[in-house]
Structures are given as structure tokens and as C-alpha cells.
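# quick check, what structure comes out for this input:
(2 chains)
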Amino acid sequence: MAEAEPLPETGTPPADEIRDDEPVLGRHERYRGEYPIVVEGLRNSFGEQVIHEGLDLKVKRGEILGVVGGSGTGKSVLMRSIIGLQIPDAGHIDVFGRAITTGDPDDVVGVRNRWGVLFQGGALFSTLTVGENVEVPLKKFYPELSEELMHEIARYKVRLAGLPEEAATKFPSELSGGMKKRAGLARALALDPELLFLDEPTAGLDPIGAAAFDRLTRELKQTLGLTVFLITHDLDTLHEICDRVAVLADHKVIAVDTVPNLMKLDHPWIQEYFNGPRGRAALTAQALDELRKHMDMPIAANAVKALDNQRDGKA
Amino acid sequence: MERFASFEVTAGEGAGVRVALTGPWLVSTIGAVEGDLAGVDQTASSFDVSAITEIDTAGAWLISRAAETRGAAITGASERAERLIDAVAGLGSEGDISAPRAPLITRVTARMGEMIYNARSGVYGIIGFLGALLLAFGSLARSPRRFPVKAFVHQLELVGVSALPIIGLMSFLIGIVIAQQGAVQLAQFGAETLTVNLVGRITLRELGVLMTAIMVAGRSGSAFAAQIGTMKLTEEIDAMRTIGISPMEALVIPRILACVFMMIVLGFYSMVMAIIGGAAVGDLMLGIPFLTFLSRIQEVVPLYDLWVGLIKAPVFGLIVALAGCYHGMQVKGNSEEVGLRTTLAVVSAIFAVIVLDAFFAVFFTNVGWG
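Coordinates of the predicted model:
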């Protein structure tokens, strides 16, 4: 037996598992490129109705990119295209340098374990407990992990997502809306993804729950080094945690920038959105909040500057 | 860059051994070393993570757990490694992740108790439903202008007209089977001509209406339960109540009336189609001309056989519709319940129809309609 396993102590797998022809990223590497998501010339349509036309978008590594747009501008469709659930009519989508649209299915699976997706309703498997939900992707991609370690990983992921310990044994139907979102997040984080897709994570949460979820998202991004693609309608979320915001209108991304810079743009929808009563309220609240925190984050300074600029503009 | 997580154990200075970790320690790579790491000497005093190329929370978890159980220190952590190890530290918890399960004996007895208890509330529910239905009929009778004509006609179409093809085909085939099989058996006595009696009486008295009731239960009873159940889930029924529309009047009564009425029509239609099927077999296999078969039916089948069938039809229709609507109204909670209640509606309707049919058979024989 000892001869059969030459290096039991170091645990190096047999040499024949090492393949030199592995595509762009091996499973032992993290993505080092600058843009984990690159969308070029995307076109999506349902029958006669065109959703996207010539849409371009690049997401920087390590940022939280907020995606906003009116209802029906195709925010969710864009996300579904990027994660390969919606096959676009035309265009090119690269995720981690791998083509999603043209790559063969195995290649796509090569990136599927590098992202986590939180669907709008949580999309938890209702017949499994929260802990078992978190284990599903682990079992799918890394069956070699021991059962005990899988349970442990599932349990700490549940707590990492801000749920109490005992939530792991509960069924999704026993959880409140906010807890379901967190459970969905725990499952999205199951594989330690580098890229996290959040579809309206704070929709339907009370303001306290929404703020807590925003905080959690930012903390996780900082600790785990995530890149976050965040679809939202929540102006507070945009001001609080997004590094940049992409605005969807007229079938494409009309602007990608920080919130203060976006507010300077002269597009009617953007003006309406950020400078409408709700936008201003969110901005003021955020600015005051940040002032109190002694401006220890760069975005705080930006927000206050934006507020000042606006006052100047009005004066 | 190294592709695999690995570690080396060296005798360190002082008491314990020193474990030096190298390579990427990611969720994708730790599976290979997990078992070996657990086997490392319990006296290990330090885990050196300075040579790790990549780390994620799963790797951090594995390392910090290994160090913790041995009381060892983690040294040489990079900024990211330290951050992750800190993040997962203190998140450990004991216990299973599957839902707690009581022992078998408790579950069996609990389940039986629950069923008996539920039977009581089931009886209450049915009586309450019938009462509410009677009240709704009463109030409709007093103000007949409120009768939901449109919904009623729509249900007539759904329950009756759109069921014509399938019920026709089914009955036709049943007629064929009875005639063909009957003829084979009767031929042993040289009595093939009695096939006409067999087909005529069995379809009019029993099979026409019974098979139709089963088909309507499967088609419409299930639809009633699923529709009303979904409307309950989406709070449409509550919305109706707040607007002042009685769901009993608007949803249940048109369905029940449509089902009762259409069962009579469909039952008769089914009998006709079955006789046509039998006549077709008679014409092709037994040498009884088609029209002769039909006129023989008139002679050998007493008229009360038709009444036996047609009296049962509305009763079966009422049972099927009641079961569908009742179970639909009982839905609460989640979408799983809709499926459960739909199944229950169909099963209980078919069961009740067959039991009642047995009673009817005895009853009609005793009153001399044998």
C-alpha cells in the first residue's frame, strides 16, 4: 500500500491528473485580469421587442458595480445573459476571459464554479434545509471533500451570511424574507466565488434589513475580495456601497461611473433618477451618515462633494 | 505556479513539529489534502502559511481548524490569509445541517394522531363548506340577477364542450372492447346476438356515466382545485371578499352547476358513443348490420336503464365539483399544498363516485329497475 501512494504526507495527487492543456484558468488559480466581465455588442430580443442593442459593459475586478435602469430595460436579462441562462442574439460576453456565448458547455462549466448568484426571490431549493442548500454546489463541484468538512463549510457559510447558527437546519419556508435572502447569499458564497451576482438583494426588505444587507455585501466584498454585479432599485444601496454604477437605458449602457459623476450627466432619465425627490433624500441621508463617520471612506468624500456641487449649481 | 495544495512536516525547534503549507489552498484543491492534514501529529506547534499561493475561506477554515484543535499557532500569514482566517474564526458550530428527525416510533404515532385530529377538522370543514354553499344558493335564489352567468357559461364550455372529443373517443373504445370481448365469451354458448343486450345495458346503466365521472374528475375536478387553490395563494380570494364579492357565488356555484349540468349531457353522450362503438364491432365482426344493432338496442334495453344512468349523472357531477372546489378552498400556505389538494380532490371524488355507484346499483335493483 505504501508504494502505491508515494507521497501520502504531502498529499500531491497523481501526476496524470495534471494537464498542461488546461484553458485560461486552472482550478488552482484566482482570476488576475483587470476585467472579469466584458460584454461587447450584446443584442437581446424577445420576438419583436428589442431589449438590448449594441450593449457594452466592462466590470472591474474588485468593484461593486451597481446596475440601474427603469423597469423593462433588461437589467435581469443582462445578468441572465452574463451567467449563460439567456442566449443572446448577437454579441460577445467574456467572463474571466472565457467566452460564455461561444464557448462549448464544458468551458462554461469552468467558470461556473467561480461565480455565485443570488436570485431575486432567493430561489432556494424548498425541499432542502438552508445548510443542505449551501452544500448542493459543493457536492456538485467538489465531491472529493469529506462529508464532515462539507457540513462545516456549510455551517460557517450560513453564519458568514449573517444568519444565526440554528438557521442551517431550517427549511426555506420557515424563514422570513430577509433571512431567505441571506440564505440565498450563503448558497451563492458556497464555492468561495470571485464574482457575485445579486439581483435586487434589498427589494422587499425593511429599511433596517436593507441597510444591514448592504453592510454585509460591502464587508464580504472587502474580506473575500469579491467582484459584485449588483442589480438594484435602491438608491441608498447605490450611494452606500457601489463603487460604480451602470445605467441601462435606450437598449444599452448609457453611462458607467461613480454616482457623483453620473449626476452631472445631462440625460433626462439619469437626472430624474438621481435628482428626483427620492434620489436627493437618499443622497442627503448618505452624506450626513458619512460625515458622521469622519469621512473614512473615499466614496464619502465624493458624496459630500456632489452635495456641495449641487448647492453651488442651485445658488 | 503550483497546482496543488500540499504541506510538509518538519521537526521544528522546541517541543512540536512544524507544518509548512504550500500551494493554493482553495475549495477546489483542499479535497486532496484534507485527510492527510487531519492525520498530522497532534503535537504540531505551528502552521507556516507563508508559502501559500492562494487562499479562500474554505482553505482558511481548514487551516484554522487544524491549528485550533492542536493548539498550534498560524505563522507567516499574508494580509489576505490573515483577513480570511479572522473572518471564519468563531464561525464554527456543532450539529447537523439536515432538519432534526424524530425517531421512527414517535413519527409514526405523531403522524397517526395528526391524521385523526385532521379528520375531525376535515369533517368540520366539509360541513362548513356545504353550509356556506347552501347560504350562497339561498342568497342567489333571492336575488337571481346576481347569478354569474358569464362564469357559468365559461365553465360549461370548459367542463363540457372541450371534454367532448376525449370522452367521445374513450366511450367509443369502451363500446368496442365490451362488444368484442363480450362476443368472444358469449360465442361459447352460441349466444353472440346477446352482445347487443350486453353493450346496451352495461353502458346505459353503469359504464357510460361512471367512466364519464372519472374523466370529469380527472379533467375538471383537478382544474377546480388547482385554480381555486392558486387563487387562494395569490390572495385573489381575499381580494374578492374585501370588494364584497362572495367567492362562493362567484367561483364555486358556477363550477358546481356547470359540472352537474354537463355530467348529464356528457353521460348521455358517452352512452351514445359507446353504443356506436359496439355497433361498429357488431357490423364488422359479428355480422349484425349497424342499423339492426341500433334497433335491437331499442327492443332489448328497458327504458329505465337510461333513467338509472341519467339519475346518477348529476349526483356524480355534484360530488366531483364539490370535491374540487372544497379542496381548492382548503389550500393555504405554499404551492406544494396546491398539488397535494389537487391530488386529494381527484382521488376522493373518484372514490366517492365508485362507492355511491355501488349503493345506486343495489338501490335500483331493489326498487325493481333491475
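
# setting aside sequence neighbours, what's the nearest residue to the residue of chain B found nearest chain A?
Each residue of chain B has a distance to chain A, by CB to the nearest CB, and the smallest belongs to B:Ile97, at 2.7 Å. Glycine gets a C-beta too; all of them are placed from N, C-alpha and C. Across the structure, with CB to CB, 6 or more residues apart in numbering or on different chains as the measure, the residue nearest B:Ile97 apart from its sequence neighbours is A:Gly131 (2.7 Å).

# how many neighbouring residues does the one you found have?
The burial count assigned to A:Gly131 is 26, neighbours taken as other CB atoms under 10 Å in any protein chain shown.

# doesn't A:Glu135 make contact with the residue of chain B closest to chain A?
Yes: between B:Ile97 and A:Glu135 there is a contact under CB atoms under 8 Å: 6.9 Å.

# and the stretch 51-200 of chain B, which residues reach chain A?
B:53-54, B:56-58, B:61-62, B:65, B:80, B:83-84, B:87-88, B:91-93, B:95-100 (CB under 8 Å from any CB of the partner chain).

# are any of those buried, and which?
Among these, those classed as buried by neighbour count (16 or more other CB atoms under 10 Å in any protein chain shown) are B:53-54, B:56-58, B:61-62, B:65, B:80, B:83-84, B:87-88, B:91, B:93, B:97.

# helix, strand or coil: sort out the residue nearest to B:Ile97 for me.
Secondary structure for A:Gly131, judged by DSSP: H, G, I helix; E, B strand; the rest coil, is helix.

# hang on, the earlier thing: just the ones in strands from the residues of the stretch 51-200 of chain B next to chain A, please.
Taking DSSP state E, the ones among these that sit in strands are B:Thr53, B:Glu54.

# right, and the helix or strand after the helix ranked longest in chain B?
For chain B, the longest helix by residue count, based on DSSP state H, is helix B:104-142. Later in the chain than helix B:104-142, the nearest helix or strand by DSSP states H and E is helix B:149-159.

# give me the contact list for the next helix or strand after that next one.
Following helix B:149-159 in sequence order, the next helix or strand is helix B:164-186 (DSSP H and E). For helix B:164-186, contacts defined as CB atoms under 8 Å, 6 or more residues apart in numbering or on different chains pick out B:192, B:194-195, B:198-199, B:202-203, B:207-208, B:211-212, B:215, B:219, B:266, B:269-282, B:285-286.

# any stretches of the stretch 151-300 of chain A with poor pLDDT?
Applying pLDDT under 70 to the stretch 151-300 of chain A picks out residues A:291, A:293-300.

# show me where it has its helices.
Here the stretch 151-300 of chain A has its helices, by DSSP state H, counting those that start in this stretch, at A:177-188, A:207-224, A:235-241, A:259-264, A:268-275, A:277-292, A:298-314.

# would you mind listing what in the stretch 51-200 of chain A touches chain B?
Within the stretch 51-200 of chain A, the positions adjacent to chain B are A:113, A:126, A:129-132, A:134-135, A:138, A:141-142, A:144-146, A:149, A:151-157, A:159-160, A:165, A:168-171, A:173, A:189, A:191-192 by CB under 8 Å from any CB.

# try 7 Å this time
Applying CB under 7 Å from any CB of the partner chain, one finds that the stretch 51-200 of chain A approaches chain B through A:129, A:131-132, A:135, A:142, A:144-146, A:149, A:151-156, A:159-160, A:165, A:168-169, A:171, A:173, A:191-192.

# can you tell if stretch B:216-234 touches chain A?
No: contact check for stretch B:216-234 against chain A, using CB under 7 Å from any CB: none in range, with a minimum separation of 12.9 Å.

# thank you kindly, that will do.
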